[in-house]
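Student: what's the 3D shape of this:
(chains A and B)
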Amino acid sequence: GQQLNQSPQSMFIQEGEDVSMNCTSSSIFNTWLWYKQDPGEGPVLLIALYKAGELTSNGRLTAQFGITRKDSFLNISASIPSDVGIYFCAGLSGGYQKVTFGIGTKLQVIP
Amino acid sequence: DAGVIQSPRHEVTEMGQEVTLRCKPISGHDYLFWYRQTMMRGLELLIYFNNNVPIDDSGMPEDRFSAKMPNASFSTLKIQPSEPRDSAVYFCASTPLVYNEQFFGPGTRLTVL
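Tutor: Numbers count the residues shown, from 1 in each chain, chains lettered A, B, ... in the order given. Purely as a prediction, here's the structure:
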């Protein structure tokens, strides 16, 4: 089946620093999604990308859909303590409503 | 809308017991998904329904797991008999017909002793 490689798996950063994480796949996806999961909660959608090359922002978050359709990245600028959590990438392909998730990137922000 | 509702939020049971997890999707959403999350394997899709009909259950680990959706506002995931390796957080998610985004419930943390 399809697999997503998400990196890094965890990271510690100082408050105010920028963060970058990415996902790669051996298969092509039609849609890339980025979710954030807070402790004790379910994942919440941050950004959805629908076209190759698309660059989308949501506040301090920016994500891009790779040209090859096999990768995506998420950047967080000027991190703050509430950015702490696990960030998941996810891809959709031919199975329109079936999503493949990455393993997640656990982000810790040091005040 | 209250979002996706799951119950119980926490469940502790002994090996061999039957466990039933419950989910109420967002009203008007035609798709409902059950996921399992563990540290080792991340989020895994177990089964999903469209208009109350199971479409793909290939992710269900084994016959001990079963899921039903008797109506548009309710679904259950049952494990019988439960085993310690079933310990995980189980999420339910729903999505409208025409959009890709899934909306997740808060999850049920299951511990099987």
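Student: what's the spacing between residue B:91 and residue A:40?
Tutor: Applying Cβ to Cβ, to the nearest Å, the value for residue B:91 to residue A:40 is 12 Å. No exception for glycine: its C-beta is placed from N, CA and C like everyone else's.
Student: interface residues of chain A facing chain B?
Tutor: Those residues of chain A that sit near chain B, judged by Cβ under 8 Å from any Cβ of the partner chain, are A:31, A:33, A:40-45, A:48, A:88, A:92, A:95-99, A:101-104.
Student: hmm, back to that, so which of residue B:91 and residue A:40 has more stuff around it?
Tutor: With other Cβ atoms under 10 Å in any protein chain shown as the criterion, residue B:91 and residue A:40 differ in neighbour count, and residue B:91 comes out ahead with 27 against 11.
Student: List the beta-bridge partners for that one.
Tutor: Per DSSP bridges, the residues bridged to residue B:91 are residue B:35.
Student: can you check residue B:108 too?
Tutor: Beta-bridge pairing of residue B:108 under DSSP bridges involves residue B:90.
Student: So it is in contact with residue B:5, correct?
Tutor: No. At 11.0 Å, residue B:108 does not count as touching residue B:5 under the criterion of Cβ atoms under 8 Å.
Student: more neighbours, the two?
Tutor: Residue environment comparison for residue B:108 versus residue B:5 gives the larger neighbour count to residue B:108, 22 against 15, counting by other Cβ under 10 Å.
Student: Could you report the pLDDT at that one?
Tutor: The predicted local confidence for residue B:108 comes out at a pLDDT of 98.
Student: and the gap between it and residue B:8?
Tutor: Going from residue B:108 to residue B:8 by Cβ to Cβ gives 6 Å.
Student: Please enumerate the shared neighbours of these two.
Tutor: Listed as contacting both residue B:108 and residue B:8 by Cβ atoms under 8 Å, 6 or more residues apart in numbering or on different chains are residue B:21.
Student: which residues pair with the spatially closest residue to residue A:70 that is not a sequence neighbour across the strands?
Tutor: By the measure of Cβ to Cβ, 6 or more residues apart in numbering or on different chains, the closest residue to residue A:70 outside its immediate chain neighbours is residue A:25, 4.9 Å from it. With DSSP bridges applied, residue A:25 shows beta-bridge pairing to residue A:4.
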